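**Q** sharing a sequence plus its predicted fold:
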Amino acid sequence: MLQTFILCILAAGTVISGISYTLYWRSALRDPHHSHGTAFSSGSGLFFCVLRAFMGSVFSQFFIYASYPLGFLKPRRGPKFRPDCEKPTVVLVHGLYHNASAWYVYSWMLRRQGYANIVCWSYNTVKYDFWELAEQLRGVVARASETSGGQVALMGHSLGGLLARAAVADPDCASRVLALVALGSPHGGSTLAGLALGRLGRSLAHGGELVRRLAALPCPRAVPKLNIYSPLDNMVLPTGSLEIGQPGWVQAETAPISHVSMLYHPPTLRLALDFMEEATGCAACRGEEALAGA
């Protein structure tokens, strides 16, 4: 029974990764992006880069599927809050079709770095539309901020990054956010949205209404914002859709890994951690300046 289960989820990961990277290959050849670099200057270079990312995608998909049922288990007493922790509370927002289990590795690594207060928000990707979820996220941020008594760091993967953008467009929510990090988010939509199941997934069409409305929302300049993307992301096509044109965003390119692999890649988390640490230091400096002025 266990062997059958393992083989089934490996097969599912292989099929999804194979289809998505086949489409990625076509997209990369037709619409090359500056992040593809010299490795894509020939067919063989592109082949070996995609092959490595494909293997990483298969194993990442395996971990996502295997851990998914655990995301429905909630602690009886809810998340424990440690008021003695000097680091900000981190709110993690998963992507389409995932749940809180997507953040198990990141949560573990964050705690090792001293981030004791972590909120992994699970949301229903079938029942609600994008804007309803954005409103729910504002409530999550407000509760986390009130519990901690300070600002929180907001990090979203894929769709989660878009929801975070929509949430901080509200001034009250933005005032509660210390820093915002988007990982592999389809800021320009994705051509793969047409293959998605459900209206929420299909609403992420490349250049569609949702991404246009999102781009028109106010962008809080006071909130430090980091956008991390991979040149071999196989779920957001074309690659240029991973970049964001709004002012005030720092763009960071991670190693050539797959879309889901970002959730298990320590160097990617290190990019986010360094950014959050810098934002925390800047916030502390602003607080000291305000006290000195008073």
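**A** Looks like it came in fine.
**Q** from residue 105, how far out is residue 94?
**A** Here the criterion is Cβ to Cβ, to the nearest Å. By it, residue 94 lies 12 Å from residue 105. No exception for glycine: its C-beta is placed from N, CA and C like everyone else's.
**Q** quick one, which of the two is more surrounded?
**A** Per other Cβ atoms under 10 Å, whichever of residue 94 and residue 105 has more neighbours is residue 94, with 25 against 16.
**Q** nearest spatial neighbour of the more buried one, chain-adjacent residues omitted?
**A** Closest residue to residue 94 apart from its sequence neighbours, by Cβ to Cβ, 6 or more residues apart in numbering: residue 102 at 4.3 Å.
**Q** does the one you found count as helix, strand or coil?
**A** helix (DSSP: H, G, I helix; E, B strand; the rest coil).
**Q** my read is that it contacts residue 66, right?
**A** No: using Cβ atoms under 8 Å, residue 102 is not in contact with residue 66; the gap is 11.9 Å.
**Q** what do these two both touch?
**A** Taking Cβ atoms under 8 Å, 6 or more residues apart in numbering as the criterion, residue 102 and residue 66 do not both touch any residue.
**Q** between the two, point out the one with more neighbours.
**A** Of the pair residue 102 and residue 66, residue 102 is the one with more neighbours under other Cβ under 10 Å, namely 27 against 15.
**Q** for the more buried one, give me its contacts.
**A** Contacts of residue 102 by Cβ under 8 Å, 6+ apart are 64, 67, 71, 94, 95, 157, 263.
**Q** next up, the contacts around the fourth one.
**A** Residues counted as contacts of residue 94 (Cβ under 8 Å, 6+ apart) are 100, 102, 103, 120, 121, 122, 123, 156, 157, 158, 160.
**Q** how is the chain divided into domains?
**A** The record's domain parsing of the chain by automatic domain parsing lists 2-71, 74-287.
**Q** now do the longest one, average pLDDT.
**A** In this model, domain 74-287 carries a mean pLDDT of 91.
**Q** switch to numbering from 42
**A** With 42 as the first residue, the last one maps to domain 115-328.
**Q** before we move on, back to that, so which of the domains of the chain is the most surrounded?
**A** Greatest average neighbour count among the domains of the chain goes to domain 115-328 (a mean of 19), per mean count of other Cβ atoms under 10 Å.
**Q** follow-up on the earlier one: how far away is the residue nearest to residue 135 from residue 202?
**A** On the measure of Cβ to Cβ, residue 143 and residue 202 end up 13 Å apart.
**Q** one more: residue 172?
**A** 16 Å.
**Q** cool, and residue 239?
**A** Distance from residue 239 to residue 202, by Cβ to Cβ: 19 Å.
**Q** swap in residue 314?
**A** Distance from residue 314 to residue 202, by Cβ to Cβ: 16 Å.
**Q** residue 303 too?
**A** From residue 303 to residue 202 the distance is 11 Å (Cβ to Cβ).
**Q** what do those two both touch?
**A** 224, 225.
**Q** quick one, what contacts residue 315?
**A** Counting by Cβ under 8 Å, 6+ apart, residue 315 has no contacts.
**Q** quick one, phi/psi of it?
**A** Main-chain dihedrals, residue 315, degrees, to the nearest 10: phi -60, psi -40.
**Q** cool, residue 320 as well?
**A** According to degrees, to the nearest 10, residue 320 has phi -60, psi -40.
**Q** then residue 197?
**A** phi -130, psi 140.
**Q** try residue 245
**A** According to degrees, to the nearest 10, residue 245 has phi -90, psi 30.
**Q** and it, how far from residue 259?
**A** 21 Å.
**Q** same question for residue 98.
**A** 35 Å.
**Q** please apply the same query to residue 281.
**A** Relative to residue 259, and taking Cβ to Cβ, residue 281 is found at 23 Å.
**Q** OK, contacts around the spatially most central residue of the chain?
**A** For the chain, the residue nearest the mean C-alpha position is residue 198 (1.2 Å; Cα atoms, centre = their mean). Residues in contact with residue 198, defined by Cβ under 8 Å, 6+ apart, are 134, 135, 136, 139, 143, 224, 225, 226, 303, 304.
**Q** run the last query once more with 7 Å
**A** Going by Cβ atoms under 7 Å, 6 or more residues apart in numbering, residue 198 touches 135, 136, 143, 224, 225, 303, 304.
**Q** if anything else comes up later, I'll come back, but that's it for now.
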